[in-house]
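Asks: no sequence on this one, just coordinates:
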């Protein structure tokens, strides 16, 4: 996937939440039962002109993209979103 946060595949007995966001990491990728979830730490602050965010829309901080089996996402739009997230996450939070 090019620019992409590290995948998080919890082992049995491991915490169910992914590692914390740090050092500019735009978010995490987590495998769930029916989707792969790309969560952006400060996604609510990002412009999403392509409308990729389709999950975690109700919060004030995070946004996510749920990728279902067979679903294709626009790679250029995803890369642009990831680049914007890295740029945002390297700035101090207000």
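Replies: Yes, it's here. It should be emphasised that the depicted structure is a prediction, and the values quoted were computed from it without experimental measurement.
Asks: Does the residue nearest to residue 50 when sequence neighbours are not counted belong to a helix, a strand or coil?
Replies: Among residues not flanking residue 50 along the chain, residue 77 sits closest, at 3.7 Å (CB to CB, 6 or more residues apart in numbering). Placement of C-beta: from N, CA and C, glycine included. Three-state call for residue 77 (DSSP: H, G, I helix; E, B strand; the rest coil): helix.
Asks: Give me the distance between residue 77 and residue 46.
Replies: Here residue 77 is placed at a distance of 12 Å from residue 46 (CB to CB, to the nearest Å).
Asks: So for these two, which sits in the more crowded spot?
Replies: A count of neighbours by other CB atoms under 10 Å puts residue 46 above the other of residue 77 and residue 46, at 18 against 15.
Asks: partners of residue 27 in the sheet?
Replies: Residue 27 has these beta-bridge partners by DSSP bridges: residue 40.
Asks: could you list every residue that touches the most centrally placed residue in the chain?
Replies: Note on the chain: the residue nearest the mean C-alpha position is residue 39, at 2.5 Å, using CA atoms, centre = their mean. Residues counted as contacts of residue 39 (CB atoms under 8 Å, 6 or more residues apart in numbering) are 18, 27-30, 56, 62-64.
Asks: Which ones among those map onto strands?
Replies: Counting by DSSP state E, these place 27-30, 63-64 in strands.
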